[in-house]
Every structure is written in C-alpha cells, then in structure tokens.
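# My questions are about this predicted structure, shown below with the sequence.
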Amino acid sequence: MDYKSPNPLITKTVLNAGTKNAEFSKGTKVYFHFQTRACDDNGTVIDDSRKMGKPMELVLGKKFRFEVWETIVQMMAVKEVAKFKVDKSLVSGYPFVSKTLRDVGKPENQRQHHCCGLTLQNEGIGYADLNQLIKEPCDLEFIIELVSVISPEEYEKESWQMSEEEKLSAVPLLREQGNNLYRDKNYAAAAAKYAQAIGMLEQLMLSEKPGDEEWKALDQMKVPLLLNFSQCKLLEKDYYAVIEHCNTVLKSDPGNVKALFRRAKAHVGAWNPQEAQDDFDEALKLNPSLNAVIKKEMKALEELRKQKNEEDKAKLKGKMF
C-alpha cells in the first residue's frame, strides 16, 4: 500500500501494517531494523542491520547527521514494515553513516580515518561500495521495521541528551541512588552512580570560567561525591583510585579530614607507610576528636611495618644461605 509522503522526494510503501500508532517528540528514542538498497537494476543491498547484529537506536531531535531516518521513522507505526524510496539529493551523507556503523566493534587500527578532502578524494573512506556511492550518487531504498518507540519520560537519559538544567537536577538524585546502594553494600553500583554524578558536574564546569562563583559552586558539589566514591573504592581495595580522588578533594579543600583519613587508609593498603603516617598525623592535628580512631590505625600500621621488616629479614637470610 502506497502512502502519501509530506516530502515529494520520499515515497513510502507499506509492506506490513503496524500494531499501534506512536507519538513522536524531541527526545523520543526509536529502535528500528533497516536494509539499505541502491535503486539500480539489481536492487543491490548496501547494508542490513540484522547482519550487523542489532537494531539501530536513534534519539529524535539530537541532530543526528542523517536527517532522512528521523523523517521516515516518524511516518510509521510500531511494528510496521515499510519501504522508502529516497531521492539521491537527500542521501548524500549515507556513505559516511554507513562507514561509522560498519566500523563499530573494529579495533582502532583497522579503522580508516580521513582528515581532509584531498585524502577522501584520493583514497575514499575504506569501503569500495561506499566510495562508488560517493562518486556516483543514486536514489536509495530503505526497508524499515520500527521495532519500538520509547517516550522521553520512559527511559533514563544519558548525559549527552540532557540540558544543563536536567544535569543539575539529576546530580542529587544520583547521589541518593548511590547512597541507597551503599547501604545495601552494593559498592560497585554505588560507585558507578557517584561517578555518573561527578561526570555531569564536570561537564557543567566546562561551561563556566574556572575560579568564577558558578564554577566554585559546582566544584564544591563534587566534594561529597568524590568522598563517597573514594569510600566505595576503599572497600573494594582499589587503593590507587582512592588516592587519586582524595587528592582531587584536597587540592580544593586541603583541610578535609575525611579525604586525609581515607587517603591514609589507601596508602596503608598500597603500602606507602610514610605517606599514610603523614596523612594520619595531619588528620589528627585538624580534628583531635579522632585521637582514639587514629591511634588504633597507627598501631595497626606499626604492626604491619614490623611484620614487613620480619618478612624482609627472612627473605634476606634465605638469600645469604
């Protein structure tokens, strides 16, 4: 059944009717299988998403570089299969989209990168059929099956899809989710939530001038997240990650006792005894109420030192004999 397209350069033919109409808006996520054919005498198949292993995922309104797909999926119902013949003037960008999809999963050294028009003209983009399509453009036919349509409210957006306001609103929610996971002793999942929130704040900081009040406010919002992330990594015995993130806190807040204490514990785990002692001493100086806790940690550190010395002596003695 032919369908009257709003664009005269696109012709639609329904092959199988869909199960329900869909509502499309900015941010709607669509999944679809596609087969791309050249409109030549043989109907040459150029690409087939089923052979690539999974359906195409597209978020509407996010400036995907091949606008035709955004246009045609919005002419469809869920589970519908349709054929679209598209004029060559609208599909000049397809070879580059196809190259990107074909390169997914390939090792970096097997991908071809082209940085200038001269290289493109001389060497192409690494696939003979796509090079031919660039040299001799033709109408293309897309057979599309619209697998599913998910409204923006029905899925958790990735950070690149969010506005600055959405990112800022998401940070406390991610922190709370991380706290709940931490209470359940799911430290890896909690760390992932804290890291996600830290990443959003860092993206927001890129829009501000370092040192300005807005930048400082965002930087301060990172501190409790960095400390929570560090605590998760400490429990996972990822000591160098703890040291790195506590260093970040102490760079902006040199008197942060939690960061000093957690970095000290990480230095013990990484067997940097002098650095651990220095951090314990500084934490105690800043907060004398931690005297009992830090004395216990220092005693344990001293015992580890003695044990290490005894092991080293035993190894040396063994070598001598």
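Cool, got the structure.
# Tell me where this structure has strands.
For the chain, the strands defined by DSSP state E occupy 2-3, 10-16, 29-38, 45-48, 56-59, 81-86, 140-150.
# Okay, buried residues for the last one please.
Applying a neighbour-count criterion of 16 or more other C-beta atoms under 10 Å, the buried positions in strand 140-150 are 140-146, 149. Placement of C-beta: from N, CA and C, glycine included.
# Next, count neighbours for the residue nearest to Leu227 when sequence neighbours are not counted.
Nearest residue to Leu227 in three dimensions, chain neighbours excluded: Lys258, at 5.3 Å (C-beta to C-beta, 6 or more residues apart in numbering). Lys258 has 19 neighbours, counted by other C-beta atoms under 10 Å.
# Over to Leu286?
Quick note: Leu286 (other C-beta under 10 Å) scores 14 neighbours.
# quick one: pLDDT of it?
With respect to pLDDT, Leu286 scores 96.
# cool, and Phe261?
pLDDT at Phe261 comes out at 97.
# residue contacts, it?
279-280, 283, 290, 294 (C-beta atoms under 8 Å, 6 or more residues apart in numbering).
# Now with 7 Å, please.
Ala283 (C-beta atoms under 7 Å, 6 or more residues apart in numbering).
# Check Glu208 too.
214-215, 218.
# Most neighbours out of those, which is it?
Busiest of the contacts of Glu208 [other C-beta under 10 Å] is Leu218, holding 21 neighbours.
# What residues does Leu152 make contact with?
To be clear, residue 152 is Pro; Leu isn't right here. Applying C-beta under 7 Å, 6+ apart, the residues near Pro152 are 25, 27-28.
# Looking at the residues you listed, spot the one nearest Gly18.
Thr28 (15.6 Å; C-beta to C-beta).
# What about the closest one, how many residues nearby?
22.
# just to revisit the earlier point, among the buried residues of strand 140-150, which one lies nearest to Leu133?
Nearest member of these to Leu133, counting by C-beta to C-beta, is Leu140, at 8.5 Å.
# For Glu302, see how far away the closest residue to the closest one other than its chain neighbours is.
Among residues not flanking Leu140 along the chain, Val91 sits closest, at 4.7 Å (C-beta to C-beta, 6+ apart). The gap separating Val91 from Glu302 is 73 Å, by C-beta to C-beta, to the nearest Å.
# One more: Thr248?
29 Å.
# quick one, which of the two is more surrounded?
Set side by side, Thr248 and Glu302 give different neighbour counts by other C-beta under 10 Å, the larger being at Thr248 (17 against 12).
# and the nearest residue to that one once chain neighbours are set aside, how many neighbours does it have?
In space, Thr248 comes closest to Leu226 once its chain neighbours are excluded; the distance is 5.8 Å by C-beta to C-beta, 6+ apart. Leu226 has 27 neighbouring residues, counting by other C-beta under 10 Å.
# surely Leu226 meets Leu250?
No: contact status for Leu226 versus Leu250: not in contact, 10.0 Å apart, counting by C-beta atoms under 7 Å.
# got a list of what Ala128 touches?
Shown in contact with Ala128 (C-beta under 7 Å, 6+ apart): no residues.
# one step back: just put the strands of the chain in CSV and tack on distance to Ala197 and mean pLDDT.
Converted to CSV, these look like this (distance: least, C-beta to C-beta, whole Å; pLDDT from 0 to 100):
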stretch, distance to Ala197, mean pLDDT
strand 2-3, 45, 64
strand 10-16, 43, 95
strand 29-38, 22, 96
strand 45-48, 38, 96
strand 56-59, 22, 91
strand 81-86, 41, 97
strand 140-150, 24, 96
